[in-house]
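Colleague: 3D, please:
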Amino acid sequence: MKLRLFLAASLLLAGAAPATAQDGSALTIKTELEKLMPGADGAAPAKTYVDPGTVVPGDRIRYTLTFHNKGARPAAGVNLVDPIPDGILFEESADPEGFAVSVDGGKSFGPLATATVASDGAVRAATPADVTHVRWQLAAPVPAGGSHSVAFFGRVR
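Modeller: Take a look at the predicted model:
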């Protein structure tokens, strides 16, 4: 079974409209999907960039989000928020600095270890399957003309 994946990243800046730098210039986002392919005869898995339409259930994938500051000044207070597609089970962040997850549709963020969800009238600890969004808050400004990448891993459901 092939699964078409959709990744819609949104870039938010403190005190600014989405996808806009402090000087009014746009920040652009490039999303790449890579699939870890099993190695032959016990070799380590090989990293391959693939069309999102070619992944199948059980495949471990890595989403890399790269954004560029096209403005004339550094962009400070950058928050990168990304929804987890329905067909993906979140596993872990490849970039833990400034990283948090949401289990409530992107309304609140924090560490997965402290997140809870209501299930059948009871509150339980959240699991990776409950993650709906990921977020990175960058401590350092992105310089004018500069770029920054973050990534997370998941598995195709």
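
Colleague: look up phi and psi at the residue lying farthest from the centre of the chain.
Modeller: Relative to the mean C-alpha coordinate of the chain, counting by Cα atoms, centre = their mean, the farthest residue is residue 41 (31.9 Å). When quoted as degrees, to the nearest 10, the phi and psi of residue 41 stand at phi 50, psi 50.

Colleague: mind checking how far it is from residue 139?
Modeller: Noted for residue 41: a distance of 43 Å to residue 139, by Cβ to Cβ, to the nearest Å. To be clear about C-beta, it is placed using only N, CA and C from the backbone, and glycine gets the same treatment.

Colleague: what's the distance between the residue nearest to residue 57 when sequence neighbours are not counted and residue 87?
Modeller: Excluding the flanking residues, the one nearest residue 57 by Cβ to Cβ, 6 or more residues apart in numbering is residue 156, at 5.1 Å. From residue 156 across to residue 87, the span is 6 Å (Cβ to Cβ).

Colleague: more neighbours: the two, which one.
Modeller: For residue 156 against residue 87, the residue with the higher neighbour count under other Cβ atoms under 10 Å is residue 156, and the figures read 19 against 16.

Colleague: could you pull up the residues touching that one?
Modeller: Taking Cβ atoms under 8 Å, 6 or more residues apart in numbering as the criterion, residue 156 is in contact with 3, 5, 55, 56, 57, 58, 59, 61, 87, 88, 89.

Colleague: which of the residues you listed lies closest to residue 80?
Modeller: When the contacts of residue 156 are compared for distance to residue 80 (Cβ to Cβ), residue 88 wins out at 17.0 Å.

Colleague: can you pull up the bridge partners for the residue lying closest to that closest one once chain neighbours are set aside?
Modeller: Closest residue to residue 88 in three dimensions, ignoring its sequence neighbours and counting by Cβ to Cβ, 6+ apart: residue 154, at 4.2 Å. Each beta-bridge partner of residue 154 is listed here, defined by DSSP bridges: residue 61, residue 90.

Colleague: for residue 154, grab the count of nearby residues.
Modeller: 23.

Colleague: and what of residue 131?
Modeller: Per other Cβ under 10 Å, the neighbour tally for residue 131 reads 21.

Colleague: what's the answer for residue 109, then?
Modeller: The burial count assigned to residue 109 is 18, neighbours taken as other Cβ under 10 Å.
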